[in-house]
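Novice: predicted model, plus sequence, below.
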Amino acid sequence: MIELHVILILMIIGAVVAMEIKDLLSSVIALGAVGIGLSLEFLLLRAPDLAITQLVVEILSLVILIRATVGAHMPQERNLKKPGYFIFAALFVCIFLWFTAKAVMQLPVFGQPVMKMGSLYIAEAVRKTGAVNIVAAIILDFRGYDTLGEATILFTSVIGVLAVLRKTGRKP
Amino acid sequence: MSLYLLCMVLMAVGIYCMLVKKNLVKKIIGLGIMEYAINLFFILMGYRQGGEAPILDKQTPIANFVDPLPQALILTSIVIGLGVTSLMVALVVRIYEKYKTFDINEIRKLKG
Amino acid sequence: MKETAGMSIIVKRITKITVSLIFLFGVYILLHGHLTPGGGFAGGVIIALSFIHLVLAFGKDVALTRMNLAVASVIESLGGLLFWGIALLGFLGGYFFLNVLPHGRPFDLFSSGIILVCNVAIFLKVGAGLFSIFLALALLRMPVDDKETHR
């Protein structure tokens, strides 16, 4: 149990480093470290499907982000003349943390979920679908509509990238 | 319960990064941190003490499993996050080609 | 330009071996998606990574003879149409998305009816889609070229 806390604290430190560092390439690499910490966290929480998917998706998004930032000119951060900007953002974050702390106390204790639908799926997966991996049976048989929606979203994002980055039909 | 609070602290770091930083790539990084925090929160809610991964085995019959439903929902969410990040990076690359900078204050001043 | 010539000779030698291994691993994770963790999404991303490995090591021109943008678009659309077709096939049994293919015994490779074919459809769609995103980002001019016109 203590290892979950340790990895989460390391992820928070990595996120703060990724936010504050001035060089763009270093902050993208720090984001990659946070993603791999998340994959380890998924493995410790008994979700191997998610750990595999998070690891390879993290590698791919690192490749895409580095493509955007390599060789780019990093501007000097000018001093903001208005300190009210920082104070407003910090106040908003504090109010957000206070509200979520109150809301999180009402959840069931960590380690004892309610599992109203989960126990139904576990009891019937092999008999109704014949698949042994229960998560795969849920996303492709019990809840196939969600996977259909996700395939549509991926298709839309590919069309969007190709439309933004094309060369033909654009005014010089 | 302290795990839930630490997860919300990670989300707060992501929100602060997206609000305050003026560089466009830093805003993309802030959105990525928020996505990690939300995915982690769902899986934390589904964990069962002493549970096993939800995959049946030949030897053990139905034993103590963790909740498989949040895992199925977050699996699609991870791939959707990748699609959103790649579209944002494409837009930022186009903006850089036109304005030659990532700073949003400079972009607001230049016109056309 | 040195950028299109790819990387050094050591990287090219190693890439010739590892690209086929990564491809094989991705297909393994796809086919056993209903028995072990993995499935269509992870397998598709691994396949896209193997093609990106080829582009990064050999440069754009050599790798584009293997798979170019037009072929990737066709494969992605085929994956999407296959997914829709399987879903509509459920109407033969009763309602949308019914599991109509035979279920087989558990722990077999060809068990669980519709789940294997749906995994293949998602694999084609995700793999080809992510590879075409990377090609669209790589075929453009690099930001380094703008340094001489930079103010």
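Specialist: Sure thing, it's come through. Numbering: from 1, shown residues only, chains lettered A, B, ... in the order given.
Novice: which other residues reach the lowest-mean-pLDDT helix or strand in chain A?
Specialist: For chain A, the helix or strand with the lowest mean confidence is helix A:116-129, at a mean of 83 (criterion: mean pLDDT, DSSP states H and E). Defining contact as Cβ atoms under 8 Å, 6 or more residues apart in numbering or on different chains, one finds that helix A:116-129 is touched by A:131-132, A:134, A:137-138, A:141-142, B:46, B:54, B:56, B:62, B:65, B:67-69, C:99, C:103, C:106, C:112-113, C:115. C-beta: built from backbone N, CA, C; applies to glycine.
Novice: could you pull out the strands for chain B?
Specialist: For chain B, no strands are identified by DSSP state E.
Novice: hey, where'd the helices end up in it?
Specialist: Taking DSSP state H, the helices of chain B run over residues B:2-20, B:24-45, B:68-99, B:104-109.
Novice: out of those, nearest to chain C?
Specialist: Evaluated over the helices of chain B, closeness to chain C peaks at helix B:68-99, with 5.1 Å, by Cβ to the nearest Cβ.
Novice: how about the nearest residue to the spatially most central residue of chain B, chain neighbours excluded?
Specialist: With distances taken as Cα atoms, centre = their mean, the residue of chain B nearest its centroid is B:Glu35 (1.5 Å). Nearest in space to B:Glu35, with sequence neighbours left out and distances taken as Cβ to Cβ, 6 or more residues apart in numbering or on different chains, is B:Gly81 at 4.6 Å.
Novice: who are the contact partners of the one you found?
Specialist: Counted by Cβ under 8 Å, 6+ apart, B:Gly81 has contacts A:Val57, B:Gly32, B:Glu35, B:Asn39.
Novice: neighbour-wise, which one of these leads?
Specialist: Per-residue neighbour counts (other Cβ atoms under 10 Å in any protein chain shown) across the contacts of B:Gly81 peak at B:Gly32, which has 28 neighbours.
Novice: now do the helices in chain A.
Specialist: A:2-20, A:24-44, A:48-69, A:84-104, A:116-129, A:134-137, A:144-164.
Novice: same list as before, these that is, but in TSV and with distance to C:His32 included.
Specialist: Output for those, formatted as TSV (distance: least, Cβ to Cβ, whole Å):
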stretch	distance to C:His32
helix A:2-20	28
helix A:24-44	19
helix A:48-69	12
helix A:84-104	38
helix A:116-129	16
helix A:134-137	10
helix A:144-164	18
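Novice: quick one: low-confidence parts of the chain?
Specialist: No chain specified, so I'll use chain A. The model of chain A has pLDDT under 70 over residues A:71-82, A:168-172.
Novice: you answered for a different chain; I wanted chain C.
Specialist: Using pLDDT under 70, chain C drops low at C:1-5, C:91-108, C:140-151.
Novice: ok, 50 please
Specialist: Counting by pLDDT under 50, chain C contains low-confidence ranges at C:1-2, C:143-151.
Novice: which residues of chain C fall in helices?
Specialist: Under DSSP H, chain C gives helices at C:9-31, C:40-58, C:60-64, C:69-89, C:114-138.
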